[in-house]
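[1] next one to model:
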Amino acid sequence: MHALRLSWVILLAALAASTAASAGSTGPPGAHRETARSGTWSAAFTYVKTAANGPDSYTQLHLVVSNGATSVLDAPVVSRVAAGQLQPGGFDGRSSISFRDLDADGTPELLLDLYTGGAHCCFLTQVFDLVSSPPRKRELDFADAGARLIVVGGAVLFRTTDPVFAYAFTDFADSGAPIALWSYTRSGMRNVTRTRPALVRTDAKTWWTAYRVQARRKGDVRGLLSAWAADEAMLGRAAQAHATLDAIARSGALARGDGGAKGAAYVRQLWRFLGRYGYLR
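    This next block holds a predicted model:
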C-alpha cells in the first residue's frame, strides 16, 4: 500500500506546465525567480531559499503579474491555510507557476502551486482570475494528494482525491481515497466527478485491484474498500457494493485490521460515512 500511495502522491503533486517557464537564482544568495508567459501575460514568482540551520526554509515569497507593460499585481504571497509556512510547489524541475485558461473564457488564469511542508501536509494552488481588476485570487487546498490538470472532453479539470477518507477507517498508509474532479468557474469550484464515469470506473478498478493484493497479504483492506465503495456509489452501484462488502465481512477478511470498526460494524460505519459526505445521493 505504501508504494501505491507514494505513486499517487508523486503523480498528483506536480501540475503539468502549459506555458514556457524558467527557474534560477538571481540577486542575493538563495534568491530564486520562476517565470511564466502566455500571450501578452507574464508572471514572476520570487523567493529566498536558505538552509543554514536545518531543513530548507523559504522567505520573501512575492508575485508580479503583468499584461504587456501594465503591472496588474505586485504583492507578497500569502495564504489563509498556512501563513508563514509556504514553500514553492514546483517539483521535479517543474515551475511553480503557469498560465491556463481554466474556464474557456479566452483569458488565461494564473496558477501558483505552493507547499506547506510536513509529513501530512497541504498542496495548495492559488488561482488568479485575470479578468478581474485587480486579479481575484481563489485558494485551492488539495491536502496530501495534491492535484494535476487534465483535459476531458475539451474541459480543463483538477484531478485529485477526496481527503476526508484519510484516517477515516485505518492508518494513513493503508487509507484509500476516491477520485475527485473539480472544474474552475468564476463563481467557484464545482465538483464534476459524477459527470466523468469512465474515470471513476478506472479509479474503482484501481482500488479493487489494490484490495485483492492487500487481501492476499492478509493486510488491512478497509481503507482500500472504502475508496472502492465510494467510486461504486458515484457510478450508481451503491447497493451492489454494499452486498459485496457484506459478503467480504462474512468471510472474516475485514477483521484483520489493527483496531477500529471490523466486519459488519465496519460496513455500517462506512455507509453512514458515505451518506454524510454525499456519496449515496
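[2] which SS state does the residue nearest to Pro178 when sequence neighbours are not counted fall under?
    In space, not counting the residues next to it along the chain, Pro178 is nearest to Ala230; the distance is 3.9 Å by C-beta to C-beta, 6 or more residues apart in numbering. Heads up, the C-betas are built off the backbone N, CA and C, glycines and all. Here Ala230 is recorded as helix under DSSP: H, G, I helix; E, B strand; the rest coil.
[3] what's Ala230 in contact with, if anything?
    Listed by C-beta atoms under 8 Å, 6 or more residues apart in numbering, the contact set of Ala230 reads Asp162, Phe165, Pro178, Leu274, Tyr279.
[4] the first one: neighbour count?
    Other residues within reach of Asp162 by the criterion other C-beta atoms under 10 Å amount to 20.
[5] ok, it touching Pro178?
    Yes: Asp162 lies in contact with Pro178 (C-beta atoms under 8 Å); the separation is 5.4 Å.
[6] returning to what we had before: what about the contacts of Ala230, which are in helices?
    Assigned to helices by DSSP state H, the following of the contacts of Ala230 qualify: Leu274.
[7] tell me which of the contacts of Ala230 is nearest to Trp207?
    Here the nearest of those to Trp207, counting by C-beta to C-beta, is Pro178; it sits at 7.5 Å.
[8] does the closest one touch Met234 like I think?
    Yes: under the contact definition of C-beta under 8 Å, Pro178 touches Met234, with a separation of 7.2 Å.
[9] need the residues touching each of those two.
    In the contact map built from C-beta under 8 Å, 6+ apart, the residues linked to both Pro178 and Met234 are Val200.
[10] what is the burial count for Arg138?
    Neighbouring residues of Arg138 were enumerated by other C-beta under 10 Å; the total is 14.
[11] over to it: give its phi and psi.
    Backbone dihedrals for Arg138, given as degrees, to the nearest 10, come out at phi -130, psi 130.
[12] mean confidence for the host helix or strand of Val48?
    Under DSSP states H and E, the secondary-structure element containing Val48 is strand 41-50. In this model, strand 41-50 has a mean pLDDT of 95.
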